[in-house]
Structure formats: structure tokens, C-alpha cells
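sharing a model that was predicted from the sequence below.
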Amino acid sequence: MAKKKNIDVLHVLAEFQKNILEKKPTMDKMYDEVQMMHFKIRPLQGDVSLLNLSDTNLIEALWNLGKLDEFFRTQKDQLTQKQKQIFFQFLENLYDQFQDKLSNVRLKPIEEMQVSSSVEMEIFKEESQKKFN
């Protein structure tokens, strides 16, 4: 097993917050980045077409979740077991916050809907299958 670098996990987490989460791009740039993140939406209950896909809460929540996923994937293997406990706890708290933002996503305006409705959905990223020759 390769020796882990001596990384200050708290510094890494603080840098992520400072450089990514606190310096968000414009909403248009966020929207473009979310499209490149290849999120998939699977309806569980209700009509997903009622979602307002330009809702800033939706875009920001998806962007945050995508950035959190990227950060997790780049950092998780560089940490010791003890550091991973702190890392995972921090990420779990952030994940919960971003999930709460998704609960506040607005549906289309009431005038456009036939009946008051709610939507339950699963949002995930489809992993690309890399082919090796």
C-alpha cells in the first residue's frame, strides 16, 4: 500500500469552502457546468415536467452537489483513515445542506399547473464506462 501524503484535512476542507463554495460563478456559468456534470433525474412520484429547470435554487443545489462529488473523488484516496472520518463527516453535513436546498426547489407557477402537486425524484450522475484497448 502506498504511503499517504501528510495532508492537513482541515486545510483541504477550508480551501474547498473558500475557493469553490464561496466563489460561485454566475448563474449562467453554473447552469452550463451543471449540464456538463451529466446529472440524471429519475421520477419517483409526481410529474417531473412540473419542475422549473431554470429555478436558481435547483441550479445552485445541483452545482454544489456536483462540486462536492468532484472534490470527494479527488481527495478521498489521499487521506489516512483518521483523516477520512473528519472528511466524511464534513462532506455529509454539506451534502445534507445541499439536499435541503433541493427540497425548496419551486415547481412551475401555479397558473401553469392543473392541480397543486409535489414531485419526488432521484438525482444521480451516470458514470461513464471507460474502455481500455
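Okay, I see it.

quick one: buried residues of the strand or helix carrying Y95?
Y95 is part of helix 81-103, with elements assigned from DSSP states H and E. Neighbour-count burial for helix 81-103, with 16 or more other C-beta atoms under 10 Å as criterion, is recorded at Q83, K84, F87, F90, L91, L94, Y95, F98, L102. C-betas here are computed from N, CA, C, even on glycine.

give the other helices and strands that that helix contacts.
Judged by 3 or more C-beta pairs under 8 Å, 6 or more residues apart in numbering; DSSP states H and E, helix 81-103 is in contact with helix 9-16, helix 56-75.

just the CA coordinates for it, please, in CSV.
Provided in CSV are the C-alpha atoms of helix 81-103 (Å, rounded to 0.1, in the frame of the first residue of the first chain):
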residue,chain,number,x,y,z
GLN,A,81,-8.1,6.5,7.8
LYS,A,82,-8.3,9.0,10.7
GLN,A,83,-8.5,12.0,8.3
LYS,A,84,-11.2,10.2,6.3
GLN,A,85,-13.5,10.3,9.4
ILE,A,86,-13.3,14.1,9.6
PHE,A,87,-13.5,14.4,5.8
PHE,A,88,-16.6,12.2,5.6
GLN,A,89,-18.4,13.9,8.5
PHE,A,90,-17.8,17.3,6.9
LEU,A,91,-19.0,16.1,3.5
GLU,A,92,-22.0,14.5,4.9
ASN,A,93,-23.0,17.8,6.6
LEU,A,94,-22.6,19.7,3.4
TYR,A,95,-24.5,17.0,1.4
ASP,A,96,-27.4,17.4,3.8
GLN,A,97,-27.4,21.2,3.4
PHE,A,98,-27.5,20.8,-0.4
GLN,A,99,-30.2,18.2,-0.2
ASP,A,100,-32.3,20.6,1.9
LYS,A,101,-31.9,23.3,-0.8
LEU,A,102,-33.3,20.8,-3.3
SER,A,103,-36.4,20.5,-1.2
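
cool, thanks, talk later.
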